[in-house]
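Enquirer: Pasting the sequence and the predicted coordinates here, then a few questions.
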Amino acid sequence: MRTCTTAAATALLFATLTACQSPNERVVGADKVSESDTSRTAKANATPSPTEDEPRGFGEVLTFNDAVGDVTVKVTVLSYEQGIKAQTTADQEFSTDGYEWAALEIKTCIAKGTGGTTRYPWILAYEDGARVEPSSVTYGDFPKPEYPYEATVKAGDCVRGKTVFAVPGNQRPERVLYTPEALPEGAEWAVPKA
């Protein structure tokens, strides 16, 4: 089953954006994209780059407050798996050649206040500068539990699940970027070598 959704654009500020984009907008740096190189470069540059010296390791928790300071968030990356099999391949879904599904498992907890979370601030970053955003399609045989498109989380509660990406099959991302508006400098986790 193919679905498209409207999701919250930020993890904490509930700003809404339309997540139903063309495959070319979701997969930055794809070989089989009909956009011009200038357009792809502009989109890649529009995604903030974290400024930390060293990326975190999987399981290391980032704790931060939203802009107002009323919500305290704890977030981490738990795992990354590439080569996910599904009823429809990534190449079939996006008319690409050499792409496959990958799953990123993430966990977000609210320590204080009530906040929102979504899968869309999560981005895979590659050594060559390519960046891949989460897929806005889902199939019943994607890895479970799925991270929600959008959820409200209150103090003391957590959300954990897997988000699927269409990725180049012959490459592995080097970092996971987390870029919500509430965290202007972003954060990153290093993807372990296969």
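Expert: Nice, I can see it. Numbers count the residues shown, from 1 in each chain.
Enquirer: mind listing what the most centrally placed residue in the chain touches?
Expert: In the chain, the residue lying closest to the centroid (CA atoms, centre = their mean) is Trp122, at 2.4 Å. Trp122 sits next to 104, 106, 134, 163, 176-178 when contact means CB atoms under 8 Å, 6 or more residues apart in numbering. To be clear about C-beta, it is placed using only N, CA and C from the backbone, and glycine gets the same treatment.
Enquirer: What helix or strand is Thr76 located in?
Expert: Using DSSP states H and E, Thr76 maps to strand 72-84.
Enquirer: re the thing from before, distance of the residue nearest to the centre of the chain from Tyr80?
Expert: Distance from Trp122 to Tyr80, counting by CB to CB, to the nearest Å: 11 Å.
Enquirer: is it true that Thr76 touches Glu60?
Expert: Yes: using CB atoms under 8 Å, Thr76 makes contact with Glu60 at a distance of 6.3 Å.
Enquirer: At which residues are the strands of the chain located?
Expert: Remark: strands assigned in the chain by DSSP state E are 6-8, 16-18, 62-65, 72-84, 99-112, 114-118, 122-125, 131-132, 150-154, 158-168, 175-178, 187-190.
Enquirer: For Arg56, find the nearest of these.
Expert: With CB to CB, the closest approach to Arg56 among the strands of the chain belongs to strand 187-190: 4.7 Å.
Enquirer: Thr138 - how many residues pack around it?
Expert: Neighbours of Thr138 under the rule other CB atoms under 10 Å: 18.
Enquirer: State the phi and psi torsions of it.
Expert: Main-chain dihedrals, Thr138, degrees, to the nearest 10: phi -140, psi 150.
Enquirer: count of neighbours near the residue nearest to Val132 when sequence neighbours are not counted?
Expert: Excluding the flanking residues, the one nearest Val132 by CB to CB, 6 or more residues apart in numbering is Leu124, at 4.5 Å. Neighbour count for Leu124, taken as other CB under 10 Å: 26.
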